[in-house]
Each structure stands twice: as C-alpha cells, then as structure tokens.
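K.L.:
Need a 3D model of the following:
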Amino acid sequence: MLDASSNVTNVMDKKRVGIPDVLFKERMKNRLHEWRDRLLSERNMEFQGQEGSNDHKRQFQTIFFKMRPALTLSDFTSHQIKLIQLVIKKHFEDLCFVVVNDGNADLQQLVVFVDSRDDKELLMQEVNRDQKEVNEMKIQSAIGFRHVIDLLSSEKKLIVGHNCFLDMLHIHRKFIGSLPSTTEEFVSSLGKHFPYIMDTKILLNGNNILIRRMNKSNTSLSSAFGLLCPHIAFSSQRVSAWNSGVQVEVQVDDLRSSKWNSGDTHEAGYDAFMTGCVFAQACDLMGIDFVDRSTSENLLGNEILQKHINRLYLSWARGDIIDLSTGNQVTESFTTRKHRAKVSFQNIVLIWGFPTNLTARKIKACISKAFGQTNVSSVNHLDESAVFVQFTKPEMVSEFLDLKEKLEKRDDPLSVLHPLTELFDVRTTHAAGYEAYKKICSSPMSKHLFSDQAEAVGINRKTTSIKSEEKRSRMHQAVETTEIQGTEVEANDLSNTNYHSLRSSSM
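P.N.:
Sure thing, here's the model as predicted:
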C-alpha cells in the first residue's frame, strides 16, 4: 500500500543545492504562501479560479479534497515535485502533500490545507484507507476466474466432468499450486479442495444399465450425448418436452444467444453443457430421481453414485483408474469395455491436414483397401485434423510413407485410381512416423488443432520430403563408396553406421 505521507517524510534536504533549485523552491514557497493567505483572508471568500497567469492556472488548480481546500499539481517533473515536498515540510505546518490513486495508471498529486495536526493525521488516515480499498479492488479484479474455483471449493459440491483427470491437473496447477511430485500428495491436496468428483466416463463404463444403453458404442462425450440425450442433441428447441428423459433448460444471455449452436463440440461452455446433460440422463436411467435429489448432499448419499465417485481414468487406453479417496490405482477389467489393440509406437503413422469429410472409419477403409484389413490395427482421431494409424507390422510404416510420396509425384491413371488417392488428394495432407508427433508436441508453441500446431512447428510435407531426399542421397553416396573401394571393412562400417542410425531413430 502506498503511504500518502511517505514521500514527505523520506525526502531529505541536501546540503549542496543548485541555483535553479534554490530559485524554484523560493518561487514555490511564495506561491504556496499566496494561496494559503488567500484561503485565510476574509476578504476573498471566492478563491476558486483566481490563480493568476495561465501558467499558474495550468499548474495550480484549486479544488476540494475530503472537504478541504487543495491545490492540484500538474506539469511538474518528479524532481520538482520532490522540491515542493521539501518546501511544504520546512515552511508550512498547515499544508499537507498527498498522492491519490483512483485505480488508474495516473496519480493525482495534491497540496491540501489542514486546520491542525489532528486534522492532518485524520486526512492521512482517510487517504490511506481509500488507497487500501483501491488496491483491494485491483487485486479482486486480477483474480478473475479464481473466484469461481474458490467458490466451488468452499461449497464442497459434487464436481462432474467427463474423462476429467487432465482437467483436474490443470485446475490444480493453475489455481491451487504446483503439482506435487507424488500421486499421494496430489490426491491429498486435490481432496482438500474438491472432495467429491464424478467422472461420467467412469459412470458409463461401470454401471450395467448404462453399459447396456450404450450398446458397446464409443463413450466419448459427443457420442454419449447423442445416445443418451437425443431429444437435446438433435432438436432445435432448447426446452425439451420428451417425457421419458430429464428436461434441460438453457439460459443464454442476449449477447451469446446467436452463437449458441448444438454442434459446437470441443468448446468449453458447450462441453460442460453436454457433460451436465449426460450426467442428468444417466441418473434418470439408473433410477435416481434427479429432480428431488438435485442438491449435492442428496446425490452424494446415493448408493449407486457412491460406487463411482472419486474414480478417474489415469489412462483410458490401458484402463488405469485412480481412486482419489484412497490414492490406490487399479486396472479396469476389459469385460466391461471394448478390447483395444496394444499400442506399438513403431507401428504408428501420424496423418494430418486431410479433407474434413474423412472420418477415422473412412480413412481406415481407404488404407485397408491398399494394405489389407488384417494389417491395419486401428485408426483413431487425435482431433478433427489428425489421426493415428496403427499397422500390425513396423515395416508397413515405411511402406505407407513411401507409397504416399510416390502417389504425390505421379499423375498417371493408375495413381488416380489408387485407393489412397482420396486421402492424399489435397496438398495439405501430411504423414510421418511417431517421432514427428513427439517433436511437434514437445514444441512450446500451442495451437488448437494439431495440423496448425504442426504447421507452426514447421513440420509439413515439404520439409519431411526434403529430409527423405537428403537421407536417400547420403545412403546412395555411401553405397557407391563401398562399391568403388570394394573392401569388406568399409562395407561393415557402413552396416554399423546404418544400425546405429536406425537404433537411435527408434529410441
């Protein structure tokens, strides 16, 4: 907090003062004497606006501050302000220098007339109190969204998310503190702020009624929303009259009502809306009277929900679950979920920038026509602009990348009719091995879509093809050298070089 009187008490008069400073202080002393005498004069009651020359009017303006006459100091340098403070401290017991901060960047500097020493102390208290309020307002404004987190934490309500372990990590890191080094410490810290967390993905895969309702469908948020809440997801009306489900009413302010679109998935507000709808409908399907039990206290006491509260997926691919109540980790049984192929990073091809009408299913069908259905393990969306393709054998990765490069260079009828032409029909489609994915994600730059992230990092079709050409050129030169030399030692050296190169690239 800025002490309004500190600038006065801390300023010490120097023994050696230049002639300009002496003249300036003398002029200010006379000016302040004149102003104070005019205030005290019974013959001049209307003193406001009577400041003499235009320069004086600009630099000195009489106002009332805290019901006391005051002079505003304008167009003075910081050094001149210090000299004025020295003059006031040395020659005027009934004048007080104060600095007023109204919350903006500019400070208002005033010379205030006080009746007595007690009046001066009272003025300082008032100014310091006002300054404290301004500082508190600035702090509250800077806190921002932290207010929401603090309110949720203080209420100890049930927090509902979908596959929300990463969300809770971000909340802890951004609003609570640095992430602890151990799982036990993280669970303990998170539990102090959010003791009750429900993951709807856990719920959908752990309750038999919901498992049958999902009918082995994908438990992603958008998929669950479409299956459990079709009356909301596929209706233009926001207030549903569907009798067999929980009715959901959405209140949107006038500013955003025109932008409210049921297709805005992966937008934070709409994702939260879908999560709430999925949870409400899940409770209804499990026989929980959601209307009567809408408060967190009633929901927390429900035996059905208690089995799933504070359980979050550490890894959805492996089925690892952490129990936030105990800190224990378990692996989900695959009897209650679809079996997924084991991930092998050396078998993965990353494709991004493909046409928006191509889904993971279409891409898999396209690649399967060229490589066979049994050789393509899975195709999964990284986001709407990128997919992971996992082959059954690692050598198929290089075969796929080589085939892509050949199709891009040829324009004959066979290339046009090739099954992969649909995938590589646009020049923005890129493909690379898993190492490229690690490099793109390790960049400090962050974009919403993976294709934009790759472009920002500088990894695209052109750069990858140049590197491939350079590598083939180096290999060709090395082979020619061994043929010319004809020595077994150099051939062995080349083989060792290739081995170490492949080993380092696979690590």
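
K.L.:
Next, residue 357: secondary structure please.
P.N.:
What DSSP: H, G, I helix; E, B strand; the rest coil gives for residue 357 is coil.

K.L.:
What does the pLDDT read for it?
P.N.:
For residue 357, the pLDDT comes out at 82.

K.L.:
Likewise for residue 335?
P.N.:
pLDDT at residue 335 comes out at 44.

K.L.:
With residue 460 instead?
P.N.:
In this model, residue 460 carries a pLDDT of 60.

K.L.:
before we move on, what about residue 43?
P.N.:
45.

K.L.:
Could you measure from residue 459 over to residue 208?
P.N.:
45 Å (Cβ to Cβ, to the nearest Å). Quick note: C-beta positions are derived from backbone N, CA and C, even for glycine.

K.L.:
any idea which helix is longest in the protein?
P.N.:
helix 117-143 (DSSP state H).

K.L.:
one step back: which one's more surrounded, residue 459 and residue 208?
P.N.:
residue 459 (21 against 9; other Cβ atoms under 10 Å).

K.L.:
Need the three-state assignment for that one.
P.N.:
Under three-state DSSP, residue 459 comes out as coil.

K.L.:
list the helices and strands the helix or strand residue 452 falls within packs on?
P.N.:
Residue 452 belongs to helix 450-457 when assigned by DSSP states H and E. Judged by 3 or more Cβ pairs under 8 Å, 6 or more residues apart in numbering; DSSP states H and E, the packing partners of helix 450-457 are strand 348-352, strand 386-391, helix 434-441.

K.L.:
what's the most buried one of these?
P.N.:
strand 348-352 (a mean of 23; mean count of other Cβ atoms under 10 Å).

K.L.:
Got the domain ranges for this structure?
P.N.:
6-143, 150-250+261-336, 345-459, 469-506 (automatic domain parsing).

K.L.:
distance between the first one and the chain's centre?
P.N.:
Taking Cα atoms, centre = their mean, to the nearest Å, one finds domain 6-143 lying 45 Å from the centre of the chain it belongs to.

K.L.:
And stretch 267-282, by the same measure?
P.N.:
From the chain centre to the centre of stretch 267-282 is a distance of 20 Å (Cα atoms, centre = their mean).

K.L.:
in that stretch, what's buried?
P.N.:
270-271, 273-282 (16 or more other Cβ atoms under 10 Å).

K.L.:
can you redo those residues as TSV with pLDDT and distance to residue 29?
P.N.:
Below are these laid out as TSV (pLDDT from 0 to 100; distance: Cβ to Cβ, whole Å):
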residue	pLDDT	distance to residue 29
270	84	68
271	88	68
273	89	69
274	91	73
275	93	71
276	91	70
277	91	75
278	93	76
279	93	74
280	90	76
281	91	80
282	92	80
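
K.L.:
Include distance to residue 70 when you put those residues into CSV, please.
P.N.:
Formatted as CSV, the buried residues of stretch 267-282 follow (distance: Cβ to Cβ, whole Å):
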residue, distance to residue 70
270, 54
271, 55
273, 54
274, 59
275, 57
276, 56
277, 60
278, 62
279, 60
280, 61
281, 65
282, 66
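
K.L.:
and the residues you listed as JSON lines, adding distance to residue 406 and secondary structure?
P.N.:
Formatted as JSON lines, the buried residues of stretch 267-282 follow (distance: Cβ to Cβ, whole Å; DSSP: H, G, I helix; E, B strand; the rest coil):
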{"residue": "270", "distance to residue 406": "42", "secondary structure": "helix"}
{"residue": "271", "distance to residue 406": "41", "secondary structure": "helix"}
{"residue": "273", "distance to residue 406": "47", "secondary structure": "helix"}
{"residue": "274", "distance to residue 406": "43", "secondary structure": "helix"}
{"residue": "275", "distance to residue 406": "45", "secondary structure": "helix"}
{"residue": "276", "distance to residue 406": "50", "secondary structure": "helix"}
{"residue": "277", "distance to residue 406": "48", "secondary structure": "helix"}
{"residue": "278", "distance to residue 406": "46", "secondary structure": "helix"}
{"residue": "279", "distance to residue 406": "50", "secondary structure": "helix"}
{"residue": "280", "distance to residue 406": "53", "secondary structure": "helix"}
{"residue": "281", "distance to residue 406": "50", "secondary structure": "helix"}
{"residue": "282", "distance to residue 406": "50", "secondary structure": "helix"}
